[in-house]
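Novice: Pasting a predicted model and its sequence here:
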Amino acid sequence: MNPNCARCGKIVYPTEKVNCLDKFWHKSCFHCETCKMTLNMKNYKGYEKKPYCNAHYPKQSFTMVADTPENLRLKQQSELQSQIRYKEEFEKNKGKGFSVVADTPELQRIRKTQDQISNIKYHEEFERSRMGPVPSEGPEPERRNCPESGGQRRAEGQLGFPIPVSHSCLTVFQQPPPSQSYGYKEPAAPASSQRSAPAAGGKRFRAVYDYTAADEDEVSFQDGDTIINVQQIDDGWMYGTVERTGDTGMLPANYVEAI
(Lines give C-alpha, C1' and ligand atoms only; values in the text may rest on other atoms or scores of the structure.)
Protein backbone atom coordinates (compact mmCIF):
# COMPACT_ATOMS: atom_id res chain seq x y z
CA MET A 1 0.00 0.00 0.00
CA ASN A 2 1.44 3.38 -1.00
CA PRO A 3 1.70 6.06 1.74
CA ASN A 4 0.31 9.57 1.58
CA CYS A 5 2.44 12.71 1.08
CA ALA A 6 3.18 14.63 4.27
CA ARG A 7 2.45 17.99 2.54
CA CYS A 8 -0.37 17.49 0.03
CA GLY A 9 -1.88 14.31 1.49
CA LYS A 10 -2.05 12.53 -1.84
CA ILE A 11 -0.75 9.03 -2.56
CA VAL A 12 3.02 8.86 -3.16
CA TYR A 13 4.07 6.34 -5.78
CA PRO A 14 7.53 4.66 -5.60
CA THR A 15 8.92 6.55 -8.64
CA GLU A 16 8.34 9.98 -7.02
CA LYS A 17 8.72 9.04 -3.34
CA VAL A 18 11.13 10.81 -1.00
CA ASN A 19 11.54 9.26 2.44
CA CYS A 20 12.92 11.84 4.87
CA LEU A 21 12.26 13.18 8.39
CA ASP A 22 10.23 10.02 9.14
CA LYS A 23 7.76 11.01 6.46
CA PHE A 24 7.05 10.42 2.76
CA TRP A 25 7.02 13.28 0.27
CA HIS A 26 6.50 13.90 -3.39
CA LYS A 27 9.71 15.22 -4.96
CA SER A 28 7.91 18.46 -5.78
CA CYS A 29 6.39 18.69 -2.30
CA PHE A 30 9.74 18.33 -0.55
CA HIS A 31 10.56 22.08 -0.42
CA CYS A 32 11.50 24.74 2.14
CA GLU A 33 8.76 25.75 4.54
CA THR A 34 9.62 29.44 4.10
CA CYS A 35 10.73 30.11 0.51
CA LYS A 36 9.24 26.99 -1.17
CA MET A 37 12.57 26.12 -2.80
CA THR A 38 12.68 22.47 -3.87
CA LEU A 39 15.15 20.50 -1.77
CA ASN A 40 16.89 17.17 -2.01
CA MET A 41 18.63 14.82 0.38
CA LYS A 42 21.90 16.81 0.19
CA ASN A 43 20.85 20.41 0.84
CA TYR A 44 17.94 20.19 3.26
CA LYS A 45 18.01 20.90 6.99
CA GLY A 46 15.38 19.51 9.26
CA TYR A 47 13.81 21.36 12.16
CA GLU A 48 10.90 19.85 14.10
CA LYS A 49 10.54 17.29 11.27
CA LYS A 50 10.06 20.00 8.64
CA PRO A 51 12.48 20.70 5.75
CA TYR A 52 14.22 24.09 5.47
CA CYS A 53 16.91 25.52 3.21
CA ASN A 54 20.20 26.75 4.60
CA ALA A 55 19.15 30.41 4.49
CA HIS A 56 15.83 29.98 6.29
CA TYR A 57 16.82 27.36 8.82
CA PRO A 58 15.49 28.60 12.21
CA LYS A 59 18.18 29.81 14.59
CA GLN A 60 17.85 28.56 18.11
CA SER A 61 17.80 31.25 20.79
CA PHE A 62 18.02 30.79 24.53
CA THR A 63 15.45 32.24 26.83
CA MET A 64 16.40 34.51 29.70
CA VAL A 65 15.55 33.36 33.20
CA ALA A 66 13.94 35.96 35.41
CA ASP A 67 15.79 36.92 38.59
CA THR A 68 13.12 35.72 40.93
CA PRO A 69 13.95 35.17 44.63
CA GLU A 70 13.89 31.42 44.09
CA ASN A 71 16.28 31.60 41.12
CA LEU A 72 18.61 33.91 43.06
CA ARG A 73 18.62 31.48 45.99
CA LEU A 74 19.46 28.56 43.69
CA LYS A 75 22.25 30.60 42.05
CA GLN A 76 23.78 31.51 45.42
CA GLN A 77 23.55 27.92 46.60
CA SER A 78 25.33 26.72 43.45
CA GLU A 79 28.15 29.23 44.00
CA LEU A 80 28.58 28.12 47.61
CA GLN A 81 28.77 24.48 46.54
CA SER A 82 31.39 25.38 43.92
CA GLN A 83 33.52 27.19 46.51
CA ILE A 84 33.27 24.27 48.94
CA ARG A 85 34.36 21.82 46.26
CA TYR A 86 37.21 24.11 45.22
CA LYS A 87 38.49 24.35 48.81
CA GLU A 88 38.23 20.59 49.26
CA GLU A 89 40.25 19.98 46.09
CA PHE A 90 42.79 22.62 47.14
CA GLU A 91 43.32 21.09 50.59
CA LYS A 92 43.54 17.62 49.08
CA ASN A 93 46.18 18.58 46.51
CA LYS A 94 48.13 20.98 48.76
CA GLY A 95 51.74 19.93 49.27
CA LYS A 96 51.82 17.45 46.41
CA GLY A 97 54.29 19.60 44.48
CA PHE A 98 54.28 20.84 40.93
CA SER A 99 53.71 18.92 37.77
CA VAL A 100 56.71 17.29 36.16
CA VAL A 101 58.06 19.10 33.11
CA ALA A 102 58.64 16.95 30.06
CA ASP A 103 62.31 16.08 29.58
CA THR A 104 62.65 17.38 26.03
CA PRO A 105 65.97 17.52 24.13
CA GLU A 106 66.01 21.32 24.48
CA LEU A 107 65.65 21.11 28.28
CA GLN A 108 68.38 18.47 28.42
CA ARG A 109 70.73 20.78 26.47
CA ILE A 110 69.98 23.75 28.78
CA ARG A 111 70.51 21.60 31.88
CA LYS A 112 73.83 20.29 30.52
CA THR A 113 75.02 23.86 29.77
CA GLN A 114 74.13 25.02 33.29
CA ASP A 115 76.01 22.07 34.81
CA GLN A 116 79.12 22.91 32.77
CA ILE A 117 78.99 26.57 33.84
CA SER A 118 78.62 25.54 37.49
CA ASN A 119 81.62 23.18 37.23
CA ILE A 120 83.78 25.90 35.65
CA LYS A 121 82.91 28.40 38.39
CA TYR A 122 83.56 25.80 41.08
CA HIS A 123 87.03 24.96 39.71
CA GLU A 124 87.89 28.67 39.39
CA GLU A 125 86.95 29.32 43.02
CA PHE A 126 88.84 26.21 44.15
CA GLU A 127 92.04 27.22 42.32
CA ARG A 128 91.77 30.78 43.61
CA SER A 129 91.38 29.63 47.22
CA ARG A 130 94.26 27.14 46.88
CA MET A 131 96.67 29.72 45.46
CA GLY A 132 95.86 32.14 48.27
CA PRO A 133 95.16 35.86 48.03
CA VAL A 134 96.82 37.75 45.20
CA PRO A 135 99.43 40.23 46.55
CA SER A 136 98.56 43.81 45.76
CA GLU A 137 101.03 46.37 44.44
CA GLY A 138 102.61 48.77 46.91
CA PRO A 139 103.25 48.46 50.63
CA GLU A 140 100.67 46.76 52.80
CA PRO A 141 100.44 47.83 56.43
CA GLU A 142 100.97 45.13 59.04
CA ARG A 143 98.53 45.72 61.85
CA ARG A 144 98.49 44.19 65.29
CA ASN A 145 95.27 43.02 66.81
CA CYS A 146 93.61 45.88 68.61
CA PRO A 147 91.37 45.13 71.60
CA GLU A 148 88.74 47.51 70.23
CA SER A 149 88.31 45.60 66.95
CA GLY A 150 86.60 42.33 66.08
CA GLY A 151 84.97 40.41 68.88
CA GLN A 152 85.79 43.06 71.53
CA ARG A 153 83.70 45.67 69.72
CA ARG A 154 80.84 43.21 69.11
CA ALA A 155 80.90 42.21 72.79
CA GLU A 156 80.37 45.81 73.84
CA GLY A 157 77.12 46.00 71.86
CA GLN A 158 75.87 42.54 72.87
CA LEU A 159 76.91 42.19 76.54
CA GLY A 160 76.41 45.79 77.58
CA PHE A 161 79.65 46.30 79.56
CA PRO A 162 82.53 48.62 78.59
CA ILE A 163 85.44 47.57 76.39
CA PRO A 164 89.05 48.52 77.24
CA VAL A 165 90.65 51.38 75.37
CA SER A 166 93.26 50.43 72.77
CA HIS A 167 96.78 50.52 74.18
CA SER A 168 98.98 49.16 71.37
CA CYS A 169 97.71 49.42 67.78
CA LEU A 170 100.86 49.76 65.71
CA THR A 171 101.01 50.10 61.96
CA VAL A 172 104.33 49.31 60.26
CA PHE A 173 104.74 49.84 56.51
CA GLN A 174 107.08 47.33 54.89
CA GLN A 175 108.86 49.55 52.39
CA PRO A 176 112.67 49.61 52.01
CA PRO A 177 114.55 52.92 52.01
CA PRO A 178 115.28 54.44 48.57
CA SER A 179 119.05 53.78 48.91
CA GLN A 180 118.68 50.03 49.53
CA SER A 181 117.37 47.38 47.16
CA TYR A 182 117.68 44.30 49.39
CA GLY A 183 118.54 43.24 52.93
CA TYR A 184 115.92 45.54 54.43
CA LYS A 185 115.01 44.92 58.07
CA GLU A 186 111.71 45.94 59.60
CA PRO A 187 112.22 48.99 61.88
CA ALA A 188 111.66 48.42 65.55
CA ALA A 189 108.60 49.86 67.22
CA PRO A 190 109.10 53.22 69.00
CA ALA A 191 110.22 52.97 72.57
CA SER A 192 107.21 55.00 73.70
CA SER A 193 104.82 52.34 72.37
CA GLN A 194 106.53 49.40 74.13
CA ARG A 195 104.96 48.61 77.46
CA SER A 196 107.18 47.86 80.43
CA ALA A 197 106.20 46.32 83.73
CA PRO A 198 106.27 48.76 86.66
CA ALA A 199 107.84 47.99 89.95
CA ALA A 200 106.10 45.64 92.39
CA GLY A 201 103.86 46.97 95.09
CA GLY A 202 100.63 48.83 94.63
CA LYS A 203 96.92 48.91 95.33
CA ARG A 204 94.35 46.10 95.44
CA PHE A 205 91.44 46.00 93.01
CA ARG A 206 88.47 43.68 92.46
CA ALA A 207 87.24 42.59 89.01
CA VAL A 208 83.65 43.60 88.14
CA TYR A 209 83.55 41.90 84.71
CA ASP A 210 85.06 38.83 83.05
CA TYR A 211 87.98 39.64 80.77
CA THR A 212 89.92 37.46 78.31
CA ALA A 213 93.46 38.51 77.39
CA ALA A 214 93.71 39.83 73.82
CA ASP A 215 97.54 40.05 73.79
CA GLU A 216 100.52 38.19 75.23
CA ASP A 217 101.28 40.80 77.89
CA GLU A 218 97.70 40.90 79.20
CA VAL A 219 96.04 38.74 81.87
CA SER A 220 92.64 37.08 82.00
CA PHE A 221 90.38 37.19 85.03
CA GLN A 222 86.81 36.58 86.13
CA ASP A 223 84.21 38.65 87.89
CA GLY A 224 85.11 38.82 91.62
CA ASP A 225 88.86 38.07 91.24
CA THR A 226 91.26 40.16 93.35
CA ILE A 227 94.02 42.02 91.53
CA ILE A 228 97.07 42.84 93.70
CA ASN A 229 100.19 44.98 93.18
CA VAL A 230 98.23 47.21 90.79
CA GLN A 231 100.09 50.10 89.17
CA GLN A 232 98.41 52.72 86.98
CA ILE A 233 99.90 52.88 83.46
CA ASP A 234 97.56 55.41 81.81
CA ASP A 235 93.89 56.38 81.85
CA GLY A 236 92.79 53.06 80.29
CA TRP A 237 95.29 50.40 81.49
CA MET A 238 96.85 49.07 84.67
CA TYR A 239 99.51 46.52 85.57
CA GLY A 240 98.87 43.91 88.25
CA THR A 241 98.73 40.28 89.36
CA VAL A 242 95.61 38.11 89.53
CA GLU A 243 95.67 36.64 93.04
CA ARG A 244 93.69 33.54 92.07
CA THR A 245 95.88 32.46 89.12
CA GLY A 246 99.16 34.24 89.88
CA ASP A 247 99.31 35.68 86.31
CA THR A 248 100.85 39.14 85.99
CA GLY A 249 100.28 41.56 83.11
CA MET A 250 98.24 44.40 81.69
CA LEU A 251 94.51 44.74 82.42
CA PRO A 252 91.84 47.27 81.45
CA ALA A 253 91.11 49.87 84.10
CA ASN A 254 87.37 50.00 83.44
CA TYR A 255 86.99 46.27 84.25
CA VAL A 256 88.05 46.61 87.92
CA GLU A 257 87.31 48.77 90.95
CA ALA A 258 89.42 49.71 93.95
CA ILE A 259 88.98 47.77 97.18
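Specialist: The structure has been received and is ready for your questions. Remember, predicted model here, so these are calculated numbers, not experimental data.

Novice: and Leu72, how far is that from Gln83?
Specialist: Distance of Leu72 to Gln83, computed by Cβ to Cβ, to the nearest Å: 17 Å. Every C-beta, even on glycine, is put in place using the N, C-alpha and C of the backbone.

Novice: same deal with Arg7?
Specialist: 55 Å.

Novice: Name the residue in these two with the higher neighbour count.
Specialist: Neighbours were counted for Arg7 and for Gln83 using other Cβ atoms under 10 Å; Arg7 has more, 17 against 10.

Novice: Could I get the pLDDT score of the more buried one?
Specialist: In this model, Arg7 is scored at 89, pLDDT.

Novice: just Asn93 next, same as before
Specialist: Note for Asn93: predicted pLDDT of 75.

Novice: quick one, phi/psi of it?
Specialist: phi -100, psi 0 (degrees, to the nearest 10).

Novice: Name all residues that make contact with the residue nearest to Asp247 when sequence neighbours are not counted.
Specialist: Spatial nearest neighbour of Asp247, chain neighbours left out: Val219 (4.4 Å); criterion: Cβ to Cβ, 6 or more residues apart in numbering. Residues in contact with Val219, defined by Cβ atoms under 8 Å, 6 or more residues apart in numbering, are 213, 240-242, 245, 247-251.

Novice: And the contacts of stretch 5-21?
Specialist: Residues outside stretch 5-21 that contact it (Cβ under 8 Å, 6+ apart): 2-4, 23-30, 41, 44, 46, 49-51.

Novice: Can you name the residues that contact the nearest residue to Arg244 once chain neighbours are set aside?
Specialist: Among residues not flanking Arg244 along the chain, Asp225 sits closest, at 5.1 Å (Cβ to Cβ, 6+ apart). If a contact means Cβ under 8 Å, 6+ apart, then Asp225 has 206-207, 242-245 as its contacts.

Novice: got it, and Tyr44?
Specialist: Going by Cβ under 8 Å, 6+ apart, Tyr44 touches 20, 30, 51-53.

Novice: same thing with Val256?
Specialist: Contacts of Val256 by Cβ under 8 Å, 6+ apart are 205-208, 227, 230, 238.

Novice: again, only using 6 Å
Specialist: 205, 207, 227 (Cβ atoms under 6 Å, 6 or more residues apart in numbering).

Novice: Can you tell me how far Gln83 is from Lys94?
Specialist: 16 Å.

Novice: Lowest-scoring secondary structure element of the protein by mean pLDDT?
Specialist: strand 171-173 (a mean of 42; mean pLDDT, DSSP states H and E).

Novice: Mind listing what's buried along the next helix or strand after that one?
Specialist: For strand 171-173, the following helix or strand on the C-terminal side (DSSP states H and E) is strand 203-207. For strand 203-207, the neighbour count (16 or more other Cβ atoms under 10 Å) marks 205, 207 as buried.

Novice: tell me which element Tyr239 falls in.
Specialist: strand 237-242.
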